[in-house]
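Visitor: Here you go, sequence then predicted model.
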Amino acid sequence: MSTPQPGDAAPEISLDTDSGEPFTLSSLKGKNVVLYFYPKADTPGCTKEACDFRDHSKKFSKANSVIVGVSPDASKAQAKFKDKFDLPFALLADADHKAAEAYGVWKEKSMYGKKYMGVERTTFVVGTDGTIKKVFPKVKVEGHAEEVLAALG
């Protein structure tokens with residue numbers, strides 16, 4: 001699947017949250033949604049990114065925005081990650097990577113010469129009307145939360 005672009009309708013997501021509750025993206029219509037895809041819970045880059053969003057979460061709330069993290073981890077791993085770092089937003093369990101595929105972020109990656117499939121760190125800003133407002137591909141973690149906040153401003 002190709003990556004949705006600004007102006008496109010955001011593909012629907014129906015996944016379980018870190019607490020095992022069902023979640024649908026369409027339930028957040030009327031709010032801006034910062035939908036960030038990350039490779040793996042409780043790894044250095046993903047932890048830094050999540051904590052950066054956590055540290056700015058009040059500013060996101062003031063901007064009528066909800067932060068939602070998505071990774072291929074199971075709900076139980078997401079719950080541990082959320083508790084460990086006191087994350088004030090939902091983390092979605094995309095174990096079969098259907099959401100990552102729908103958003104075009106399930107890609108072939110390479111580490112130490114080995115090729116494998118995984119999530120390419122990407123953030124989507126979904127507007128109050130359910131359309132994609134901005135895409136941040138191949139996210140560099142440093143300063144990313146501020147960059148996303150600026151896009152909401």
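Guide: Everything's here; your move. Just so we're clear, the structure is a prediction, and the values are computed from it rather than from any experiment.
Visitor: tell me the centre residue of the protein?
Guide: Taking CA atoms, centre = their mean, the centroid of the chain lies closest to Tyr36, which sits 1.8 Å from it.
Visitor: which non-adjacent residue is nearest that one?
Guide: Take Tyr36 and drop its neighbours on the chain: the residue closest to it by CB to CB, 6 or more residues apart in numbering is Thr123, 4.3 Å away. Heads up, the C-betas are built off the backbone N, CA and C, glycines and all.
Visitor: thinking again about what came up before, and the residue nearest to the centre of the chain, what does it touch?
Guide: Each residue near Tyr36 by CB atoms under 8 Å, 6 or more residues apart in numbering is listed here: Glu49, Phe53, Ile67, Val68, Gly69, Val70, Arg121, Thr122, Thr123, Phe124, Val139.
Visitor: swap the cut-off to 10 Å and go again
Guide: 46, 49-50, 53, 67-71, 89, 91, 121-125, 136, 139, 144-145, 148 (CB atoms under 10 Å, 6 or more residues apart in numbering).
Visitor: what's the answer for Lys29, then?
Guide: Applying CB under 10 Å, 6+ apart, the residues contacting Lys29 are Ala10, Val126, Gly127, Thr128, Asp129, Gly130.
Visitor: my guess is Leu149 is in a strand, correct?
Guide: No. Going by DSSP: H, G, I helix; E, B strand; the rest coil, the assignment for Leu149 is helix, not a strand.
Visitor: Strands along the protein, start to end?
Guide: Taking DSSP state E, the strands of the chain run over residues 14-17, 22-24, 32-37, 65-71, 90-93, 106-111, 114-119, 122-126, 132-136.
Visitor: Kindly give the local confidence score, pLDDT, for the residue lying farthest from the centre of the chain.
Guide: For the chain, the residue at maximal distance from the C-alpha centroid (CA atoms, centre = their mean) is Gly113, at 27.0 Å. Note for Gly113: predicted pLDDT of 89.
Visitor: Going through the contacts of Lys29, which ones are buried?
Guide: Buried by 16 or more other CB atoms under 10 Å: Ala10, Val126, Gly127, out of the contacts of Lys29.
Visitor: Which of these sits closest to Ala63?
Guide: Gly127 (11.7 Å; CB to CB).
Visitor: that older thread, tell me the contacts of the residue farthest from the centre of the chain?
Guide: Taking CB under 10 Å, 6+ apart, one finds nothing in contact with Gly113.
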